[in-house]
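A.B. asks: just to be clear, the model below is a prediction. Sequence and coordinates:
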Amino acid sequence: MPIEITDPLDPRVADYVSLTDVALRRRTEPERGLYIAESEKVIRRALGAGHQPRSYLMARRWLTELADVVAEAERDGLPVFVGEHDMIEQLTGFHLHRGALASMQRPALPSVEALVGGAHGGRVAIFEDIVDHTNLGAGFRAAAALGVDAVLITPRCADPLYRRSIRVSMGTVFQVPWTRLGSWPDDLRLLRDAGYRTAALALSVDSITLDELAGHNHQRLALILGTEGHGLHPSTLAQVDDVVRIPMGGNVDSLNVAAAAAVAFYATRRQGT
């Protein structure tokens, strides 16, 4: 049976406390080995990817909308917490208009070598130090939609499993294999050892155009994208094979990183696949 929660300080729902406090969640979620999935679609995608739930928290109407998920949780002995909207808002820090949350076990990340070796389409994306969760989630969504086999993120990059990243990605962070690099940009050698051409998107006097890069149709290609503010680090640019620009008009010098990722992923997709 669902468990009624009336007190936002109830320790049984500690996983869901202060979801809008980014600094707190960035620290506590990995420590506890969890992440939060928000909305019916995202919860179902997480479950479909084989991720394991710890518990659920939802407004009462979602007991019907998610009846099959609730029934499976009860069979597995997992708690399903229900509460009034005001109480859930006090607990989480925001109005839960999407109705349902799940505390999920954070899966173990694969090794970099396993990911780049298993990228059968030969397309890998690397996101360097992207700290905006919205941009990161949008980047993952573009990767999923446009044939990128795997995503690598640098040590200082935001968490793809933070609630906002997951939501913006529409749950595609669960379908694109990804892992966090341990040493950047030194880990570029792992890409080179696996036979990848490395291409960094940046404004540079010696850059080639995206069309020129795409024209080579490299068998294995790793595209590297950085933050809007400072762009890619000089130490990264010094180690890549190509620096690539997307030609711009209208007195615009660059695109949002998620938009640039989508353009680059589409332009460099493997021809004939």
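C.D. replies: Thanks, I have the structure now.
A.B. asks: burial count for the residue lying closest to residue 1 once chain neighbours are set aside?
C.D. replies: Nearest residue to residue 1, sequence neighbours excluded (CB to CB, 6 or more residues apart in numbering): residue 74, at 7.6 Å. Any C-beta I mention is one placed from the backbone N, CA and C, and that applies to glycine too. Residue 74: 13 surrounding residues under other CB atoms under 10 Å.
A.B. asks: next: residue 134.
C.D. replies: Neighbours of residue 134 (other CB under 10 Å): 16.
A.B. asks: again, but for residue 199
C.D. replies: 24.
A.B. asks: so what pLDDT did residue 54 get?
C.D. replies: Looking at residue 54, its pLDDT is 98.
A.B. asks: hang on, it is in a helix, isn't it?
C.D. replies: No: counting by DSSP: H, G, I helix; E, B strand; the rest coil, one finds residue 54 to be strand, located in no helix.
A.B. asks: helix or strand next in line after the host helix or strand of residue 168, which one?
C.D. replies: In this structure, residue 168 sits in helix 163-169 according to DSSP states H and E. In the C-terminal direction, the helix or strand that comes right after helix 163-169 (DSSP H and E) is strand 178-180.
A.B. asks: contacts for that next one?
C.D. replies: With contacts defined as CB atoms under 8 Å, 6 or more residues apart in numbering, strand 178-180 is touched by 109-112, 115, 140, 150-155, 157, 160.
A.B. asks: dump these to JSON lines, plus neighbour count and secondary structure.
C.D. replies: Shown next, in JSON lines, are those (neighbours: other CB atoms under 10 Å; DSSP: H, G, I helix; E, B strand; the rest coil):
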{"residue": "109", "neighbour count": "13", "secondary structure": "coil"}
{"residue": "110", "neighbour count": "13", "secondary structure": "coil"}
{"residue": "111", "neighbour count": "11", "secondary structure": "coil"}
{"residue": "112", "neighbour count": "19", "secondary structure": "helix"}
{"residue": "115", "neighbour count": "20", "secondary structure": "helix"}
{"residue": "140", "neighbour count": "30", "secondary structure": "helix"}
{"residue": "150", "neighbour count": "23", "secondary structure": "strand"}
{"residue": "151", "neighbour count": "23", "secondary structure": "strand"}
{"residue": "152", "neighbour count": "24", "secondary structure": "strand"}
{"residue": "153", "neighbour count": "24", "secondary structure": "strand"}
{"residue": "154", "neighbour count": "21", "secondary structure": "coil"}
{"residue": "155", "neighbour count": "12", "secondary structure": "coil"}
{"residue": "157", "neighbour count": "21", "secondary structure": "coil"}
{"residue": "160", "neighbour count": "25", "secondary structure": "coil"}
